[in-house]
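Enquirer: below: sequence and its predicted model.
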Amino acid sequence: MKGFEDEAATVCAHQEGHANEMNEAHKRIQLLQARLGVQCTQMGQMHKKIHVLELQLSMMCCTLCQIVEENNPSKWGALIKSLYMIHAKESWSTMKAEGFETEAQLLHQRYRRCST
């Protein structure tokens with residue numbers, strides 16, 4: 001009978017240890033879920049800020065391109081020239097990706113996009 005009681009006590013202790021591990025795991029899961037919720041909220045806020053910045057940058061780029069295209073290149077400042085060249089290189093990449101055949105088609109498309 002003694003051996004049976006010892007074995008039963010060992011099984012109970014093992015089950016109790018397993019239950020404690022399950023409780024700890026459940027607490028960790030809840031903590032991680034709470035952290036994930038906070039991070040998702042923060043990510044949503046950051047996404048909104050990024051979207052606003054992208055819109056502002058796009059408007060600035062459109063305005064700059066319109067100024068550059070409507071004025072004599074000899075009147076551009078060095079900084080405007082460098083900014084426009086960066087944009088022009090990006091435009092050529094976009095043009096190829098979007099399937100435009102000529103630079104005029106791309107500029108016309110961008111000008112329409114900026115005008116609206």
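Expert: Thanks, I have it.

Enquirer: pLDDT weak spots in the chain?
Expert: Scanning the chain for pLDDT under 70 picks out the ranges 1-6, 8-9, 11, 13, 73, 75, 87-116.

Enquirer: and the strands in it?
Expert: In the chain, no strands are defined using DSSP state E.

Enquirer: biggest helix in it by residues?
Expert: Assignment by DSSP state H gives helix 2-70 as the longest helix of the chain.

Enquirer: mind giving me the packing neighbours of that helix?
Expert: Under the contact criterion of 3 or more C-beta pairs under 8 Å, 6 or more residues apart in numbering; DSSP states H and E, helix 2-70 touches helix 78-98, helix 103-115. C-beta: built from backbone N, CA, C; applies to glycine.

Enquirer: can you give me the neighbour number for residue 84?
Expert: 19 (other C-beta atoms under 10 Å).

Enquirer: got a list of what it touches?
Expert: Contacts here follow C-beta atoms under 8 Å, 6 or more residues apart in numbering; on that basis residue 84 touches 64-65, 68, 76.

Enquirer: redo that, cut-off 6 Å
Expert: residue 68 (C-beta atoms under 6 Å, 6 or more residues apart in numbering).

Enquirer: how near is it to residue 54?
Expert: 19 Å (C-beta to C-beta, to the nearest Å).

Enquirer: please apply the same query to residue 63.
Expert: Counting by C-beta to C-beta, the gap from residue 63 to residue 54 is 15 Å.

Enquirer: same check, this time on residue 34
Expert: From residue 34 across to residue 54, the span is 31 Å (C-beta to C-beta).

Enquirer: do the same with residue 48
Expert: Using C-beta to C-beta, residue 48 is found at 11 Å from residue 54.

Enquirer: same check, this time on residue 37
Expert: In this view, residue 37 and residue 54 are 26 Å apart by C-beta to C-beta.
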